[in-house]
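Trainee: Fold the following for me, if possible:
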Amino acid sequence: MGNVELVIGRTGDAQSRNNLENASDSARRAASLCTQLMAFSGGGDFVSKQLDLSAEVEFILKSLSFDPEVHFRFRTVLAEGLPPINISPSQLRLALKNLLGVLEEKVSEGENVDIVTGRISVDSDYLAEAVHNKDALKGDFLFMEVSAFSGGISEDEVCRMFDPFTSGDTLKTDLRMPAVHGILKSLGGFMTFGLKGNSTGMIRLHFPCTKESSSEDKSMNPETRKANAGSCILLVDDEESVRETVESMLSTLGHDVLICSGGVSALKLLQGKADDIACVLLDITMPEMNGHEVLRAISNLYPNLDVVLSSGFSVKMVEESSNNPCFRGFLKKPYTMDELQTMLEKVLC
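Mentor: Next comes the predicted model:
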């Protein structure tokens, strides 16, 4: 996908650009379907962190406000001082986008969509209203509530939402709500439907509260996530084709790039340039020294240097390094330029 995006930016012929954009869209849809399937199964390439729910929702909505496919307005009531939840930012973004995708079919252009966060103490009576996950435990939960469409949601509509295969004129697959259910179930959460007031349908997602981490997590405050073009990025990967593609992507995004083909050469380069480097983009599977070994060396020698791990394999490969203080995120290959930029926005501040 990265190579296609780079060629699109350098192609002047309208027909060629159109063909390349179609190819890029097809690859993106295939990747999206794989993500939805993994979320549906309760798995996926997600690294959980303790997050401020309200701040994270606000950050996601700011990015969605520039999306031309979103044709409604957001109104928010986001509670402050909530305890953290343990979730991957990608999981939360996927869940919210899927809910909004369902709403898109029901709301008129320009209509308001209300998004509310808060805290609730859940008892057995409340859990009886849970959809598909009545095994959730009683206790304190944070919720994200999305409401907009008139008339509420009938039981028949709820059942259809959770059936991945819906029949009509043609058979189509819709994994959006099943994927949200898979995410919530993997976290010990649940979902409810109902009326807010007398006329507005509502979907509420519930996430278990977690105890606040004693160590400060720089990723918890989305307000610090700024695109910092001009930063120097050290790219470490043993595959030449990956180095060439990602170097072009980083340069296109306005960054200076240093390149190493392995961990040993990267550590040698850092001896004289660590202070000039804002972030290391580090492949996990490499000869001589793998990414975990390089990350451990970096954290010992340069504890303030941010590192993003990357691999074409499952995110489970990251578990070994997930508690390393220099570890700031994971990019699964192949990734798009938008995904690369989003990750760098999260890391650079």
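Trainee: now the helix or strand in which residue 192 is found: mean pLDDT?
Mentor: For residue 192, the element it lies in under DSSP states H and E is strand 190-196. Strand 190-196 shows a mean pLDDT of 78 in the predicted model.
Trainee: Could you point out the helix or strand that follows that strand?
Mentor: strand 200-208.
Trainee: helices or strands next to that following strand in the packing?
Mentor: If you count contacts as 3 or more Cβ pairs under 8 Å, 6 or more residues apart in numbering; DSSP states H and E, strand 200-208 packs onto strand 85-87, helix 89-104, strand 112-122, strand 139-150, helix 176-187, strand 190-196. (C-beta placed from N, C-alpha, C; glycine too.)
Trainee: Can you tell me which of the ones you listed is packed in deepest?
Mentor: Most buried of these, by mean neighbour count (mean count of other Cβ atoms under 10 Å): helix 176-187, with a mean of 23.
Trainee: buried ones in the helix or strand harbouring residue 160?
Mentor: Secondary structure from DSSP H and E places residue 160 in helix 155-161. Buried residues in helix 155-161, counting neighbours by 16 or more other Cβ atoms under 10 Å, are found at residue 161.
Trainee: Same check on stretch 267-286?
Mentor: Counting neighbours by 16+ other Cβ under 10 Å, stretch 267-286 gives 267, 269-270, 274, 277-284, 286 as buried.
Trainee: Return the member of those nearest to residue 175.
Mentor: residue 284 (28.3 Å; Cβ to Cβ).
Trainee: Verify the contact between the closest one and residue 310 for me.
Mentor: Yes. With contact defined as Cβ atoms under 8 Å, residue 284 and residue 310 form a contacting pair (6.9 Å).
Trainee: Need the overlap of contacts for these two.
Mentor: Listed as contacting both residue 284 and residue 310 by Cβ atoms under 8 Å, 6 or more residues apart in numbering are residue 291.
Trainee: now residue 240: how far from residue 92?
Mentor: For residue 240, the distance to residue 92 equals 36 Å [Cβ to Cβ, to the nearest Å].
Trainee: OK, contacts around residue 158?
Mentor: So residue 158 contacts 131, 193 (Cβ under 8 Å, 6+ apart).
Trainee: Any figure for the gap between it and residue 208?
Mentor: Separation of residue 158 from residue 208 (Cβ to Cβ) stands at 23 Å.
Trainee: Residue 256 too?
Mentor: 42 Å.
Trainee: neighbour-wise, which of those two wins?
Mentor: For residue 256 versus residue 208, neighbours defined as other Cβ atoms under 10 Å are more numerous around residue 208 (19 against 15).
Trainee: residue ranges of the helices in this structure, please?
Mentor: 2-9, 14-40, 53-64, 89-104, 124-127, 155-161, 176-187, 240-252, 263-273, 291-301, 337-347 (DSSP state H).
Trainee: Now do the same contact list for residue 301.
Mentor: By Cβ under 8 Å, 6+ apart, the residues touching residue 301 are 267, 270, 274.
Trainee: mind redoing it with 6 Å?
Mentor: Going by Cβ atoms under 6 Å, 6 or more residues apart in numbering, residue 301 touches no other residue.
Trainee: Please apply the same query to residue 246.
Mentor: Residue 246 neighbours (Cβ under 6 Å, 6+ apart): residue 235.
Trainee: can you do 8 Å?
Mentor: Per Cβ under 8 Å, 6+ apart, neighbours of residue 246: 2, 235, 237, 281, 340.
Trainee: Could you do residue 261 as well?
Mentor: Residue 261 neighbours (Cβ under 8 Å, 6+ apart): 236, 237, 238, 240, 243.
Trainee: Can you add neighbour count and pLDDT and give the residues you listed back as TSV?
Mentor: Output for those, formatted as TSV (neighbours: other Cβ atoms under 10 Å; pLDDT from 0 to 100):
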residue	neighbour count	pLDDT
236	26	96
237	26	95
238	15	93
240	10	88
243	18	90
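Trainee: Make sure residue 340 is actually in contact with residue 251.
Mentor: No. When contacts are counted by Cβ under 8 Å, residue 340 is not listed as touching residue 251 (11.6 Å).
Trainee: more crowded one of the two?
Mentor: Taking neighbours as other Cβ under 10 Å, residue 340 and residue 251 compare with residue 340 leading, 23 against 13.
Trainee: related to what we said a few turns ago, how about the helix holding residue 160 as PDB, C-alpha atoms only?
Mentor: Backbone C-alpha positions of helix 155-161 (Å, rounded to 0.1, in the frame of the first residue of the first chain) are rendered in PDB as follows:
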ATOM      1  CA  GLU A 155     -35.200  -5.900  19.000                       C
ATOM      2  CA  ASP A 156     -35.300  -7.100  15.400                       C
ATOM      3  CA  GLU A 157     -32.800  -4.400  14.300                       C
ATOM      4  CA  VAL A 158     -30.500  -5.400  17.200                       C
ATOM      5  CA  CYS A 159     -30.500  -9.000  16.100                       C
ATOM      6  CA  ARG A 160     -29.700  -8.000  12.500                       C
ATOM      7  CA  MET A 161     -26.800  -5.800  13.600                       C
END
